[in-house]
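**Student:** Sharing a model that was predicted from the sequence below.
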Amino acid sequence: MEYETIRFKVKNDVAVLTLNRPDAKNALNTQMRAEILHAIKAAEQAARALVITGRGAVFCAGQDLGDQAQIANIDLERTLREEYDPLFQAIFNCRIPTVSAVNGAAAGVGASLALATDVVIASETAVFVQAFSKIGLMPDGGSTWWLPRQVGSARAMGMALFAEPVTAQQAADWGMIWEAVPDAVFADHWLNRAEQLAAGPTKSFRQIKTAIRGSWENTLEAQLDIEAKLQGRCGQTRDFKEGVVSFLENRKATFEGR
C-alpha cells in the first residue's frame, strides 16, 4: 500500500511508522487514521517491534481542526467509534512490542496515541497536553483509562481540567512514560531500544503484556494463578531453552521470530 500521510519502513525487524504531515503538526485526519491502522497490521506480520514517531518538530497535535466546515458537522461519537477506537485497540492489542518515540508536543488525541503504546520514550523538549477542555471537549482515545493507571486520579484530573503541558521529565518522574532522553541522542536512543525489543523473546513479551494489563482487575490469588499459567507457556518455548543455554554458555541469546 502507498501511504500519503505516514511513512512506514521495516529494518532489522523494527517497523517505524512516522506521522508525515509536518505542515499540519501531524494532526490526525480520516486518511491518516486509516493509514496508521493499516501500517500497524502490516507491522505485526513483518516486524518484531513497532515504533510510532512524528516527522518535524511536533509528534502529533491531535485531531485535525483545520477544516472548519468538517469540524462544524462532525459526529464525534461516530468518529470515535468507527475511526479512533479500532486504531487504539489495534495498538493496545498489537502482538509485538510497541514504542512511541515522542519527538515533540503530543497534544489532545496525539497524547492518547503516544500513551497507547507499551513504552513511551520522549525527547527532553517534548510535552504532553490533554488539550481537550480548551475546545470544550473531554479526553478521549483512551486517555481517561491510561492516565489514572499511570499517574493516579489526582494528576489525571488536573491534566484533564487545566489542560496544562506536562514536560517529558515530569512525565517520566510521574511514571506516565518510560524515559525522557536528551534531544541530541534521542533518535539513536529510541532506535536502539526498539532493536533491543526486536531481538528479544517475542512470545515472552506477549505474556508480560497480558499479565501486567490484567493485574488491575485481579486479586493477588487470581494474579498468581495467571502468572503460573502464562509462565507455563513461556517454559514450553524454544526461547526459554535458548535463554538458559545462552546464560550457561555466557553468550548472547538468539531468540526465534514471531
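**Tutor:** Cool, got the structure. Numbers count the residues shown, from 1 in each chain.
**Student:** switch to C-alpha atoms for all contacts and neighbour counts from now on
**Tutor:** Will do.
**Student:** Nearest spatial neighbour of residue 165, chain-adjacent residues omitted?
**Tutor:** residue 129 (4.7 Å; Cα to Cα, 6 or more residues apart in numbering).
**Student:** which residues sit in contact with that neighbour?
**Tutor:** 105-108, 111, 159, 163-166 (Cα atoms under 8 Å, 6 or more residues apart in numbering).
**Student:** what residue ranges in the chain are flagged as low confidence?
**Tutor:** 67-72, 257-258 (pLDDT under 70).
**Student:** how is it carved up into domains?
**Tutor:** 6-198, 202-248 (automatic domain parsing).
**Student:** Kindly provide the distance from residue 174 to residue 119.
**Tutor:** 14 Å (Cα to Cα, to the nearest Å).
**Student:** Counting neighbours, go ahead and name the busier of those two.
**Tutor:** Using other Cα atoms under 10 Å as the criterion, residue 174 and residue 119 rank with residue 119 on top: 20 against 15.
**Student:** That one - nearest residue in space that isn't next to it in sequence?
**Tutor:** Nearest one to residue 119, counting by Cα to Cα, 6+ apart, is residue 99 at 4.8 Å.
**Student:** what does the helix or strand hosting the one you found rub up against?
**Tutor:** Element membership for residue 99, per DSSP states H and E: strand 98-102. With contact meaning Cα under 8 Å, 6+ apart, strand 98-102 is reached by 49-54, 59, 91, 114-115, 117-123, 126, 190, 194.
**Student:** Compare the contacts of residue 129 and tell me which is most surrounded.
**Tutor:** So for these (other Cα under 10 Å), the most neighbours sit at residue 106, 31 neighbours.
**Student:** Correct me if wrong, but that one is in a strand.
**Tutor:** Yes: the assignment for residue 106 (DSSP: H, G, I helix; E, B strand; the rest coil) places it in a strand.
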